[in-house]
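Chemist: Take a look and give me a structure for this.
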Amino acid sequence: MKLPRIGVRSRLLVAIFGAVALALAIALVAFSFLLGQRLSASATSLAKAQAEAELSSVSIRNGKLVAPEGPNDAPVAGHVWVFSGSHVLEAPNVSREVGQAARSLARGPERSLDIRDHTRLYALPIVENGVRYGTIVSAVSLDPYEETSDTALIGSVVLGLLILLAVTLLARWMLGRALLPVSRMTADAAAWSEHDPDQRFHRGEPYDELTQLAATLDRLLERIAASLRHEQRFTAEISHELRTPLARISGEAELMLRRQRTTDEYREALAAIKRSAEQMTETVETLVAAARQEAGLAGATSDARDAVRVAANNAREDAPELDVRVTLPSEPIRVAVDEELAARMIQPLLDNAVRYGRSVVDVSLARNGSSASIQVNDDGPGVAADELLSIFEPGTRGAAGRDRGDGAGLGLALAQRLVRSAGGEIVAVADSSGGRFVVTIPLAS
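Modeler: This next block holds a predicted model:
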């Protein structure tokens, strides 16, 4: 059978209840034992005191024990026997069982004896000058002591139950107060993670369990918010960057359906649709690669020289009339991205270079501290100083490309997205003698 699950507060309350109950039980047992020992010692002391009081009233005459014949000045609270050997000189009116028990003590040493009718007997030998003349036996009832013990036990049990109840209620209140911030933080974290992931607890530097929990929840919310931002940005970029090629495909299809065209016109329209579809495919693949890199799912390394060679070869195929020059170091330069992703970072820059360059495109790779630096230069019109940042915005084209019909203004934006997803950066350099772009990619550790 599966046991029901209980919360932390209930478990702590049960633990406190059990610990306090155990401590009270041990205390009650110890108290009862000590009280019983004390009451027993008191009963024995009383019986001995009675015997000693009687002893002061007896006398030895002519070698014989003589018991008092009348009232004496020594008050006796209980029953007392005076034995001369086995002969009874004085005996109270008691039950036969008590009388026989008292007689059994007449020749024994000084000692006490409890009998079944809640009576304690105490035997005190009568000795003078080393000669024993008899024995005094006194009896006290144990009923008052047992009543006192029972009353004390009941009172202590009631008091223990009241203490246990008070401690339980106090512990429940204190646990509720202590765990209330945890409950509130849990509820707030759950609500914020769904509706407002930018909210934080901001409890400062952790110094206890609650502030550590708040810091942990803040980090968790930060990861959730980062994931949501990545997802939202990914969705927004896909919708933004696919809008242009989709519009081109839709426009070409509408024109094809609106009127009859010649074979060459159909071929041109289909070619335009194919280019737009390829652009869409490349955009999606680039964004997926960037998302994987940002999520830490890539985790591969590569030699940056291979990525530069791949991108340069693609540029030569697109523009065979240009001289694409590549300068690479002799030693490998390993970067923290795979070869395909590194090539995707560089390719848009080379595409721009061969599109706007007049005759020469230079690509160089070098190690720069903890990063690999890739520089792409062309002898085209270059980038104006006021366009150094805007050309990296999706759908934005520089002044040199506004008069050209090709291009959607997405290449540099995608390149920057990829480079930043790997922890690098891409910048444009204002130069009237041609375009110049520099990409830095972190080296593999």
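
Chemist: Which parts of the stretch 151-300 of the chain are helices?
Modeler: 209-258, 263-294 (DSSP state H, counting those that start in this stretch).

Chemist: name the helices or strands packed onto the longest one?
Modeler: This means helix 209-258. helix 143-195, helix 263-294, helix 411-421 (3 or more Cβ pairs under 8 Å, 6 or more residues apart in numbering; DSSP states H and E). (C-beta placed from N, C-alpha, C; glycine too.)

Chemist: Highest mean neighbour count out of these?
Modeler: helix 411-421 (a mean of 23; mean count of other Cβ atoms under 10 Å).

Chemist: could you point out which element follows that helix?
Modeler: Downstream of helix 411-421, the next assigned helix or strand under DSSP states H and E is strand 425-428.

Chemist: in its sheet, what does that following strand sit against?
Modeler: strand 436-442 (antiparallel) (DSSP bridges).

Chemist: Identify the residues contacting the partner strand?
Modeler: 304, 335-337, 342, 345-346, 349, 352, 368, 370-377, 382-383, 415, 419, 422-429 (Cβ atoms under 8 Å, 6 or more residues apart in numbering).

Chemist: Need the buried ones from those residues selected in ChimeraX.
Modeler: To isolate in ChimeraX the members of these that are buried, counting by 16 or more other Cβ atoms under 10 Å, one can use:
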select :304,335,336,337,342,345,346,349,352,371,372,373,374,375,376,377,382,383,415,419,422,424,426,428
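
Chemist: what does the domain assignment say about the chain?
Modeler: Domain assignment for the chain by automatic domain parsing gives 197-297, 299-442.

Chemist: Just send these back as a markdown table, with mean pLDDT too.
Modeler: Compiled in a markdown table, those are given as follows (pLDDT from 0 to 100):
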| stretch | mean pLDDT |
| --- | --- |
| domain 197-297 | 73 |
| domain 299-442 | 82 |
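
Chemist: Packed most tightly, which of these would that be?
Modeler: Scoring those by mean count of other Cβ under 10 Å, the most buried comes out as domain 299-442, with a mean of 18.

Chemist: if we can go back for a sec, possible to save the helices and strands packed on helix 209-258 as JSON lines with distance to residue 120?
Modeler: Shown next, in JSON lines, are the helices and strands packed on helix 209-258 (distance: least, Cβ to Cβ, whole Å):
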{"stretch": "helix 143-195", "distance to residue 120": "9"}
{"stretch": "helix 263-294", "distance to residue 120": "90"}
{"stretch": "helix 411-421", "distance to residue 120": "95"}
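
Chemist: For residue 246, find the nearest of the ones you listed.
Modeler: For the helices and strands packed on helix 209-258, proximity to residue 246 was assessed by Cβ to Cβ; helix 263-294 is nearest, at 7.1 Å.

Chemist: helix or strand for residue 138, which one?
Modeler: Using DSSP H and E, residue 138 sits within strand 131-141.

Chemist: And that strand, what's buried?
Modeler: Buried residues in strand 131-141 (16+ other Cβ under 10 Å): 133-141.

Chemist: just those residues now: which is nearest residue 120?
Modeler: Looking across the buried residues of strand 131-141 and measuring by Cβ to Cβ, the closest to residue 120 is residue 140, at 5.4 Å.

Chemist: is it true that the closest one touches residue 47?
Modeler: Yes: between residue 140 and residue 47 there is a contact under Cβ atoms under 8 Å: 4.7 Å.

Chemist: how about the strands in the stretch 301-445 of the chain?
Modeler: With DSSP state E, counting those that start in this stretch as the criterion, the stretch 301-445 of the chain has strands at 302-303, 323-327, 334-335, 360-368, 371-378, 425-428, 436-442.

Chemist: Adding distance to residue 29, write those strands out as CSV.
Modeler: Output for these, formatted as CSV (distance: least, Cβ to Cβ, whole Å):
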stretch, distance to residue 29
strand 302-303, 76
strand 323-327, 92
strand 334-335, 75
strand 360-368, 80
strand 371-378, 76
strand 425-428, 76
strand 436-442, 71
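
Chemist: show me what contacts the residue nearest to residue 106 when sequence neighbours are not counted?
Modeler: Leaving aside its sequence neighbours, residue 106 sits nearest to residue 83 (Cβ to Cβ, 6 or more residues apart in numbering; 4.0 Å). Residues in contact with residue 83 (Cβ under 8 Å, 6+ apart) are 89, 103, 106, 134-137.

Chemist: what about residue 83, helix or strand, and which?
Modeler: Assigned by DSSP H and E, residue 83 falls in strand 79-84.

Chemist: Point out the one among the strands of the stretch 301-445 of the chain that comes closest to residue 111.
Modeler: strand 436-442 (96.3 Å).

Chemist: rewinding a little: how about the domains of the chain in a markdown table, adding distance to residue 172?
Modeler: Shown next, in a markdown table, are the domains of the chain (distance: least, Cβ to Cβ, whole Å):
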| stretch | distance to residue 172 |
| --- | --- |
| domain 197-297 | 19 |
| domain 299-442 | 51 |
